[in-house]
Structure formats: C-alpha cells, structure tokens
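Asker: mind looking at a prediction? Sequence and model below.
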Amino acid sequence: MKTAKIWDAQTGELLHTLKGHNSFVYSAQYNASGSQIVTAEDETAKIWDAQTGELLHTLQGHNGWVNSAQFSPSSNHIITTGSDHKTIILDAQTGKQLYTRLQLKMVIG
C-alpha cells in the first residue's frame, strides 16, 4: 500500500507504479495538462512525471499526515493540508514553500 498506480483508462493496462512512499497514499491528482501527478502521504507530498513515473520533488513542511495535495487551476502551485492543521502553498515547479498558515483548532465545552 506504499505505492500509487497509473492505469490506462481505456485498456486497463498498468502504466506506472509510483514507488517512494513511506505510508498509505491519501490523495492523487493530475495537473491541468496531465503531465504531472501530486500524491499525499505521511508527512510529505510528492510530484511525479505522469509520462515516466519519475519522482520530481518531495514536498515537506508538515508535522503530521498530509491529508490532501492538489494543483491550483493554473497548475503553477500546489496546496497541501495536514493533520497538523497547516495549509501550505508550494511552487509546483521547484517545490519551494511560498506560504504557510496554521489553522487554529477550536475546542468548545
């Protein structure tokens, strides 16, 4: 369960197995052009080349599980959210963090 797989939707053929995750993969998304995929797992997100399956970047910055990683509509940025209540925006080409926001958890009672 430490992989993500790319399948041909027409034929059902397995095209690539994305290896390099340390835990379960929680989300995966193609960018707008279909050239890259971002996956989220443990404390990182990863950007992959969709044609070759090559790992391009490992995105770090969370201190807990990365629950979601998504490309922006322009595919220039990636936004990640995690169990550490952080939201991080990263440059999709370099993996550099551009913005981090800590979401405060409210406890009522």
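Answerer: Nice, I can see it. Numbering: from 1, shown residues only.

Asker: ok, now how distant is residue 74 from residue 31?
Answerer: To residue 31, residue 74 is 9 Å away according to C-beta to C-beta, to the nearest Å. From N, CA and C alone the C-beta is placed, and that goes for glycine too.

Asker: who's more crowded, those two?
Answerer: Shown here are residue 74 and residue 31; by other C-beta atoms under 10 Å, residue 31 has more neighbours (20 against 9).

Asker: spatially nearest residue to the residue nearest the centre of the chain (excluding sequence neighbours)?
Answerer: For the chain, the residue nearest the mean C-alpha position is residue 39 (3.2 Å; C-alpha atoms, centre = their mean). Nearest residue to residue 39, sequence neighbours excluded (C-beta to C-beta, 6 or more residues apart in numbering): residue 28, at 4.7 Å.

Asker: what's around that neighbour, how many residues?
Answerer: The local packing of residue 28 (other C-beta under 10 Å) involves 18 other residues.

Asker: just the pLDDT for it.
Answerer: At residue 28, the pLDDT value in this model is 93.

Asker: what of residue 3?
Answerer: pLDDT recorded at residue 3 is 87.

Asker: related to what we said a few turns ago, pull the distance from the helix or strand harbouring the residue nearest to the centre of the chain to the chain's centre.
Answerer: For residue 39, the host element (DSSP states H and E) is strand 36-41. In terms of C-alpha atoms, centre = their mean, to the nearest Å, the centre of strand 36-41 is found 3 Å from the chain centre.

Asker: setting the sequence-adjacent residues aside, check what's closest to residue 43.
Answerer: Nearest to residue 43 is residue 62, by C-beta to C-beta, 6+ apart, at 5.1 Å.

Asker: typed the wrong thing, it's residue 89
Answerer: Residue 89 sits nearest to residue 99 (C-beta to C-beta, 6+ apart), 4.2 Å away.

Asker: what about the helix or strand hosting the one you found, distance to the chain center?
Answerer: Per DSSP H and E: residue 99 is located in strand 97-102. Its chain's C-alpha centre and that of strand 97-102 lie 15 Å apart, by C-alpha atoms, centre = their mean.

Asker: before we move on, back to that, which residues touch the residue nearest to residue 39?
Answerer: Contacts for residue 28 (C-beta atoms under 8 Å, 6 or more residues apart in numbering) come out as 4, 37, 38, 39, 40.
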